[in-house]
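In: My questions are about this predicted structure, shown below with the sequence.
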Amino acid sequence: MSPKVSQEHLKQRRADILQAAKEVFIEHGYERATMKHIMDAANVSRGGLYQYFSSKEDVFETFLEEALDIELEDTLEMVKQNATSYWNMLMKTMFGDDGKPDDEMDPLAPAKLEYFIIGRNDVHRREYGATRYGNGLKIFANIIEHGQKSGEFSSRFDHEIIARSIITFIDGLAVDNAMLSKADLKIKEQSIVFVEYLRMALEVSGNSTQEL
């Protein structure tokens, strides 16, 4: 009789596999990555890997979904807590904890680009991409809408349209990043200019730097 494995152990092993898979996708991209790469990186057997995930696509989508779900939950929780500055919340959501543009891109951006662009004619990927886009849109739209309702942001432009423009900017950088060097792309410089566009669209004062 085989020993029972605790749910906590199974949960941790699944998390370890996903973390190892993330490193594989960063190193190899989506198309070149294989389940064998993930098995080796996670130090699990074939059976151990397929116990949790049915395919490379399943692993990749699970990682993306869980990361986005956490971000969406965190954003909605911050909104519920009535942030003192929705502008700072928006900047942190776009650029990380310090809320300032830099030259770093999401290391998974190339793999995401491969998955969605190369597989754009696959019905499942298109449907999944649309769902993911909708969830990402909620993150930015919620912050902007609450900022407008609080009076911190102007309501001149629809909150969802501004949220879509943010996603388009980020995705555009990801596409260019796949073809250009960081020096040629000038991520930080472009981001600074885009932030100024947002300031004008939302009519945010230049000294809106309160902490959340």
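Out: Good, I have the coordinates. Numbers count the residues shown, from 1 in each chain.
In: Isn't L49 up against M39?
Out: Yes. In this structure, L49 is within contact of M39 by CB atoms under 8 Å, at 5.1 Å. No exception for glycine: its C-beta is placed from N, CA and C like everyone else's.
In: After the one helix or strand Y30 maps to, which helix or strand is next?
Out: For Y30, the element it lies in under DSSP states H and E is helix 7-32. Using DSSP H and E, the helix or strand that follows helix 7-32 towards the C-terminus is helix 35-42.
In: Run through the neighbouring helices and strands of that next one.
Out: The contact analysis (3 or more CB pairs under 8 Å, 6 or more residues apart in numbering; DSSP states H and E) places helix 35-42 against helix 7-32, helix 46-50, helix 56-80.
In: got those as TSV, with mean neighbour count columns?
Out: Below are those laid out as TSV (neighbours: other CB atoms under 10 Å):
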stretch	mean neighbour count
helix 7-32	16
helix 46-50	13
helix 56-80	15
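In: Quick one: residues contacting the spatially most central residue of the chain.
Out: Geometric centre of the chain, nearest residue: L68, 5.8 Å, by CA atoms, centre = their mean. Going by CB atoms under 8 Å, 6 or more residues apart in numbering, L68 touches 132, 135-136.
In: Repeat that for V24.
Out: V24 makes contacts with 33, 37-38, 41, as judged by CB under 8 Å, 6+ apart.
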